[in-house]
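Engineer: What would the 3D arrangement of this be:
(chains A and B, ligands or ions: 2)
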Amino acid sequence: MSTFVNTDPSAFHGVWVFCEQRGGELMPTDFELLSEGRKLADDLGVELCGVLLGDNVEGLVPQLGGYGADRVYVCQDPALKDYTTDAYTKVICDIVMDKKPEIFLIGATNIGRDLGPRCAARLHTGLTADCTSLVVDTAKYKEFLKSTSTLDVDGMKWDMEDKGLKMTRPAFCGHLMATIICPRFRPQMSTVRPGVMKCAEFDQAKADACKTELYPVSLCDSDLRTKVLEVVKEAKDTVDLIGAEVIVAVGYGISKDPQVGLDLAQKMADALGGVVGASRAAVDAGWVGADQQVGQTGKTVRPSLYIALGISGAIQHKAGMEDSECIIAVNSNSSAPIFEVADYGICGDLFQVVPEMIDVLTNK
Amino acid sequence: MKFIVCVKQVPDTSGKVAVKADGTMDRASMAAITNPDDLNAVEAALALKDQNPDAKVVLVSMGPPPAAAMLRELLAMGCDEAILVSGREFGGSDTFATSQILAGAIHHLGLEQDDIIFCGRQAIDGDTAQVGPQIAEKLDIPQISYVADLKLEGTTVTAKRMLEDGYMTVQTQTPCLVTCIKELNQPRYMTVKGILECDQKPYQVYDFNTLKDEPLIELDTIGLKGSPTNVYKSFSPPIKGAGVMLEGSGRETVEKLFATLEEKHII
Ligand SMILES: Cc1cc2nc3c(=O)[nH]c(=O)nc-3n(C[C@H](O)[C@H](O)[C@H](O)COP(=O)(O)OP(=O)(O)OC[C@H]3O[C@@H](n4cnc5c(N)ncnc54)[C@H](O)[C@@H]3O)c2cc1C
Ligand SMILES: Nc1ncnc2c1ncn2[C@@H]1O[C@H](COP(=O)(O)O)[C@@H](O)[C@H]1O
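Structural biologist: Numbering: from 1, shown residues only, chains lettered A, B, ... in the order given. Ligands and ions are numbered 1, 2, ... in the order given. All right, here's what the predicted structure looks like:
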């Protein structure tokens, strides 16, 4: 480890993505990250590699290839079957120190957020948490700023040759956006919020062409200080908010009759082929499961259509949904902040408006 | 036996968040609170102390001097000692630098075989959840993050570690670091006795001079200048142009709305 020198950027090449699997199944974030990583690798003219750890997981490689990986490093060992901080950190840091990628992306899942900081600290480099935009090309970054900020982009001085990773993340509940760089150390690392990056189309030719590179694992007992006693998958009806095209979300505004309010939301979601989400107030009240919470401490979603029913639009809620393509809000209070982000607002009682909406939708 | 709790004072983002004209946060105008998850970390430590009366709960916080008020409140909740890590040289640190300084402070304090370090899962100002694991790495001890249930038997720590789709039961030995989530417990209140006693409890400030020779702290990777990550640009997202407020809320309005959505191929 003492021989790992990471202050010379020219010694580091390639874009890497940590490909998380649980129980032998890849996580959706893997595909989002590979799709995004592909663009970075193309802009840099370098390879996109996946890093896959587990026991007997080689067979997953073509799936990763289909979303853009040129090569996947596969580290297999019974000790890697279930995630442990110690074993995964050791194996990943070994291979990073050996192969020296310039960019290393990790999904900001509960596992990625355990692994990422541990690896970054060991690799002696920075880590930017929960990024929502990643760009290397300065011209593309300028375009990005033009569409997302009010900065005088053309009036600023730019180094157009700069290919450093520009990692943008929301701070303070989305009130401030910060672009972070990591100029002195390599790799440039970031965790990426699940559900934010768009997934590319699966490409069978790329899947077939993807190279598998088995990488030897060297672990000893002293590397494994934590033991997994059991892994429990909760067999609840999980609502897949993150992949949903349409989300109908309910808030505390259904309190007059929560059951009726929920039924209405579900019917509208069914009519639109969507799912039901909720604000924290509705989750805290026990009307909706915690996995359905949208917002800062819930999920970040960007469906094509987000319908907010009886949600005030607190910043913590908006942080999780304001990037939706189209937002409709129904709220009885005309000055509810949700109307500030809504494309279409209806000021009215949801118990009257929503039945009309369902009726119009189903009698089209 | 010590239970060391890392606590951070953060601006309260649940009320109005004030942004200054230059796009930076107006911290002065916002109330300062103890980071919510850190209260769960404090409670976890106090609950273990209830079972192990010989143990001490030691608070460690890095931040500017006003953080002293938070530490006093936590002492009044029942914690035994507090250390404020504070110095101009530490200001502007990113998570790498922060964890290095906190790890150095904990090393200075002395980490023993039966100690446990508690952190919150994440701080609401930065939302990174990185500092805990990075402290554990710097101290070379095991970590368990996202802890929703915790048991200590001898030197064996068993925890329920939450995942998005379930949980894992994980076991390790002290010394170790855990990061706590709100499902772990319900933080207790200050007591009158605690409030009366808190000013007598040991309280220390570690400044740059205290820590500058700590082997875990590299002087060229701390503070604003030394941090591996730098802010390249910061900006406030444009206020999304307030959309169309539809007139009325009757059937006609709804029909018009869906017609528009169809036209735009949204539905
Ligand atoms: C650290 C932290 C993290 C948080 N994280 C999240 C998060 O991830 N997600 C989240 O959502 N919140 C989060 N919150 C909570 C957030 O601040 C708000 O409290 C919450 O979003 C409010 O939910 P609500 O809009 O449903 O409820 P309320 O604020 O109570 O709003 C209810 C709304 O319904 C309207 N209404 C009432 N009756 C009717 C009716 N009949 N028809 C139509 N409209 C009606 C009212 O006008 C009102 O606007 C967080 C808070 C903190 C401090
Ligand atoms: N300046 C600090 N002083 C003490 N503890 C901190 C500090 N920053 C972060 N922490 C701890 O690390 C946790 C995660 O913080 P963060 O990585 O900033 O989200 C917090 O909940 C605290 O327990």
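Engineer: I'd say A:Lys299 and A:Ile242 touch.
Structural biologist: Yes: using CB atoms under 8 Å, A:Lys299 is in contact with A:Ile242, at 6.0 Å. C-beta here means a position set from N, CA and C on the backbone, and glycine is covered the same way.
Engineer: and for the two, which residues touch both?
Structural biologist: By CB atoms under 8 Å, 6 or more residues apart in numbering or on different chains, A:Lys299 and A:Ile242 have these common neighbours: A:194-195.
Engineer: More neighbours: which of these two?
Structural biologist: Applying other CB atoms under 10 Å in any protein chain shown to A:Lys299 and A:Ile242 shows that A:Lys299 carries more neighbours, namely 22 against 19.
Engineer: Please list the residues of the stretch 151-300 of chain A that sit near ligand 1.
Structural biologist: Residues of the stretch 151-300 of chain A lying close to ligand 1 (CB under 6 Å from any ligand atom) are A:251-253, A:256, A:279-282, A:293-298.
Engineer: ChimeraX command to pick out the buried ones of those residues?
Structural biologist: The buried subset of those, as determined by 16 or more other CB atoms under 10 Å in any protein chain shown, is captured in ChimeraX by this line:
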select /A:251,252,253,279,280,281,282,293,294,295,296,297,298
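Engineer: so of the residues of the stretch 151-300 of chain A next to ligand 1, which ones are in helices?
Structural biologist: A:280-282 (DSSP state H).
Engineer: could you dump those residues to JSON lines with pLDDT and distance to chain B?
Structural biologist: Converted to JSON lines, those look like this (pLDDT from 0 to 100; distance: CB to the nearest CB, whole Å):
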{"residue": "A:Arg280", "pLDDT": "92", "distance to chain B": "11"}
{"residue": "A:Ala281", "pLDDT": "93", "distance to chain B": "12"}
{"residue": "A:Ala282", "pLDDT": "94", "distance to chain B": "17"}
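Engineer: Can you tell me which of those residues is nearest ligand 2?
Structural biologist: If you rank those by distance to ligand 2 using CB to the nearest ligand atom, A:Arg280 comes first, at 18.8 Å.
Engineer: Pull out the buried residues from stretch A:179-191.
Structural biologist: Within stretch A:179-191, the residues scored as buried using 16+ other CB under 10 Å are A:179-182, A:184-191.
Engineer: Could you tell me which ranges of chain A sit under the pLDDT cut-off?
Structural biologist: Filtered on pLDDT under 70, chain A yields the residue ranges A:1-2, A:173-174, A:235-238.
Engineer: can you map out the helices along it?
Structural biologist: A:28-44, A:61-66, A:85-99, A:112-123, A:138-148, A:204-209, A:258-272, A:280-284, A:315-318, A:350-362.
Engineer: Among the ones you listed, which comes closest to B:Glu153?
Structural biologist: Evaluated over the helices of chain A, closeness to B:Glu153 peaks at helix A:85-99, with 20.8 Å, by CB to CB.
Engineer: ok, residues contacting the closest one?
Structural biologist: A:1, A:4, A:14, A:16, A:18, A:51, A:53, A:73, A:75, A:77, A:79-80, A:104, A:114-115, A:118-119, A:122-123, A:187, A:215, A:217-219, A:223-226, B:133, B:137, B:142-145.
Engineer: List the residues that contact the nearest residue to A:Gly274 once chain neighbours are set aside.
Structural biologist: Excluding its sequence neighbours, the residue lying closest to A:Gly274 (CB to CB, 6 or more residues apart in numbering or on different chains) is A:Val246, at 2.8 Å. Contacts of A:Val246 were listed using CB under 8 Å, 6+ apart, and they are A:269, A:272-275, A:303-307, B:267.
Engineer: now with 6 Å?
Structural biologist: When contacts are counted by CB atoms under 6 Å, 6 or more residues apart in numbering or on different chains, A:Val246 touches A:272, A:274, A:303, A:305.
Engineer: Report the secondary structure state of B:Ile141.
Structural biologist: Following DSSP: H, G, I helix; E, B strand; the rest coil, we place B:Ile141 in the coil state.
Engineer: Please report how far it lies from B:Cys176.
Structural biologist: According to CB to CB, to the nearest Å, B:Ile141 stands 5 Å off from B:Cys176.
Engineer: again, but for A:Val17
Structural biologist: As for A:Val17, its distance to B:Cys176 is 29 Å (criterion: CB to CB).
Engineer: These two: which is more packed in?
Structural biologist: A:Val17 (34 against 20).
Engineer: Not counting sequence-adjacent ones, nearest residue to B:Gly78?
Structural biologist: Nearest non-adjacent residue to B:Gly78, counting by CB to CB, 6+ apart: B:Leu46, 5.1 Å away.
Engineer: quick check, that neighbour in a helix?
Structural biologist: Yes: using three-state DSSP, the assignment for B:Leu46 is a helix.
Engineer: that older thread, mind putting the helices of chain A in CSV, distance to A:Ser334 included?
Structural biologist: Formatted as CSV, these follow (distance: least, CB to CB, whole Å):
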stretch, distance to A:Ser334
helix A:28-44, 38
helix A:61-66, 48
helix A:85-99, 50
helix A:112-123, 39
helix A:138-148, 28
helix A:204-209, 51
helix A:258-272, 20
helix A:280-284, 20
helix A:315-318, 18
helix A:350-362, 13
